[in-house]
Every structure is written in structure tokens, then in C-alpha cells.
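>>> Fold the stuff below for me.
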Amino acid sequence: MAHISVLAFGTAMIFRVLEDADMSGFSFAGFRNRADAQQQLNVYLEGLGYDVSQSYLW
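Model prediction:
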């Protein structure tokens, strides 16, 4: 498991991703809260073929 760490809103947000996920094409496109950021990440990972509903296994 790998992590993406984002400093925003005076705190650090940590998101888990699979180690073999190609994150080179990912970037956040502005977000208002953690849910917005998580949704952007989920859409990207689903585009790579990952089932984000199984992320608790990562």
C-alpha cells in the first residue's frame, strides 16, 4: 500500500492507493473538502481498473 499526502485546510489528508497503481497522471483539480478530494482519487483509480469499494483491503 502506498499513500498520497495532501496539506490543505490547515491539516494533512492521507489517502491510500495500491502500490502498483500508476499515479503519474493524477493531480487534484481543486477541492473544497476531503470528500471532494476522495471522489477525484476514486474516479482516477476506477479509470485504471481498480475497484475502490475494495480499498479497505489495500
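
>>> List phi and psi for the spatially most distant residue from the centre of the chain.
Largest separation from the mean C-alpha position in the chain: G10, at 18.7 Å (C-alpha atoms, centre = their mean). With angles defined as degrees, to the nearest 10, G10 shows backbone torsions of phi 70, psi 20.

>>> Just want the most central residue of this structure.
Centre of the chain computed as the mean C-alpha position; nearest residue by C-alpha atoms, centre = their mean is L41, 3.6 Å away.

>>> check contacts around that residue.
Contact partners of L41, counting by C-beta atoms under 8 Å, 6 or more residues apart in numbering, are I4, F15, V17, F26. For the C-beta atoms, the positions are set from N, CA and C on the backbone; glycine is no exception.

>>> That one in helix, strand or coil?
Assigned by DSSP: H, G, I helix; E, B strand; the rest coil, the conformation of L41 is helix.

>>> From T11, how far out is it?
If you measure L41 against T11 using C-beta to C-beta, to the nearest Å, the figure is 17 Å.

>>> quick one on the thing from earlier: can you tell me which two in the contacts of L41 are farthest apart?
Using C-beta to C-beta, the pair of these lying farthest apart is F15 and F26, separated by 10.4 Å.
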